[in-house]
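how would this look folded up:
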Amino acid sequence: MSTPHNSANPGDIAKTVIMSGDPLRAKFMAEHFLENPKQFNGVRNMLGYTGTYHGKPVSVMGHGMGIPSVAIYSYELYHFYDVEQIIRVGTAGCLHKGMDIGDLVVAQGSCTDSNYLQQYHLPGTYAPIADYGLLSRAVDECRAMGIRYGVGNVLSSDIFYDENQDWRKWAAMGVLAVEMESAALYANAAACGRKALTILTISDSLVEAKKASAEERQLAFTNMMKVAFSLV
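Numbering: from 1, shown residues only. Next comes the predicted model:
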């Protein structure tokens, strides 16, 4: 059954979906990692493909920018397409010195300045976290591949241009990096008893004059993809 945002039919999408904010990054993964990829979605140019990786079915799909967008696509995958686990690969800005462009962050948990979590009407502040099994395996793969990585909390922010530099307050609490989606992905997974993990590549630094080009963001950050596909 299709949705307003996804034209896939039942069975078109694998139990594991690797997602990225940029749909062109999903296309890149389909072309470079999947065997016999078949496109299942093009609605709103949010590209999605299913194929196999080392013989195992896997799908890749874009999810757009920000919590509202990833929340819609991941909710539909979990609830309408019976997806069991979503692994998000994306870029992030580091909040501490000593992290280089291209380093990975495996997001153990995700803080947020969004009000997305208020829908659950919980009597307190919910802390969205990754699936530990996926996280543990991702860390093992980073070590085995010799990839520089950090594990810890990230911030899913609704604000891209932070003129007040509130990120400094999050950094003081040990938050490693800022991105825009993981809190909603982790909350959606928890709410329906499914699995989720975010693996990020540092694309720029808020404390040092470092940043990657747009082309590098789209095509060159393949280590996070290699780790993600190793979890299929």
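
Least confident secondary structure element in this structure?
Between all helices and strands in the chain, the lowest mean by mean pLDDT, DSSP states H and E belongs to helix 214-215, at a mean of 74.

Following element in sequence after that one, please.
helix 223-230 (DSSP states H and E).

helices or strands next to that following helix in the packing?
Counting contacts by 3 or more Cβ pairs under 8 Å, 6 or more residues apart in numbering; DSSP states H and E, helix 223-230 packs against strand 16-20, helix 23-33, strand 85-94, strand 104-112, helix 132-145, strand 195-205. Any C-beta I mention is one placed from the backbone N, CA and C, and that applies to glycine too.

Please repeat the previous calculation with a cut-off of 6 Å.
Applying 3 or more Cβ pairs under 6 Å, 6 or more residues apart in numbering; DSSP states H and E, we find helix 223-230 packed against strand 85-94, helix 132-145, strand 195-205.

quick one: low-confidence parts of this protein?
Counting by pLDDT under 70, the chain shows low-confidence ranges at 1, 217-220.

So which residue is smack in the middle of it?
Nearest to the mean C-alpha position of the chain, by Cα atoms, centre = their mean, lies Arg88 at 2.3 Å.

now that one, nearest residue through space, not along the chain?
In this structure, Arg88 finds its nearest non-sequential neighbour in Thr198, 4.4 Å apart by Cβ to Cβ, 6 or more residues apart in numbering.

next one: Val83
Leu77 (4.1 Å).

so that neighbour is in which element?
Going by DSSP H and E, Leu77 is in helix 67-80.

thinking again about what came up before, pretty sure the residue nearest to Arg88 sits against Ala107.
Yes. Counting by Cβ atoms under 6 Å, Thr198 does reach Ala107; the two are 4.0 Å apart.

Mutual contacts of those two, please.
Residues touching both Thr198 and Ala107 (Cβ atoms under 6 Å, 6 or more residues apart in numbering): Ser182.

which residues touch Ala184?
Here Ala184 is in contact with Ile67, Val70, Ala71, Tyr116 (Cβ under 6 Å, 6+ apart).

how about it, secondary structure?
helix (DSSP: H, G, I helix; E, B strand; the rest coil).
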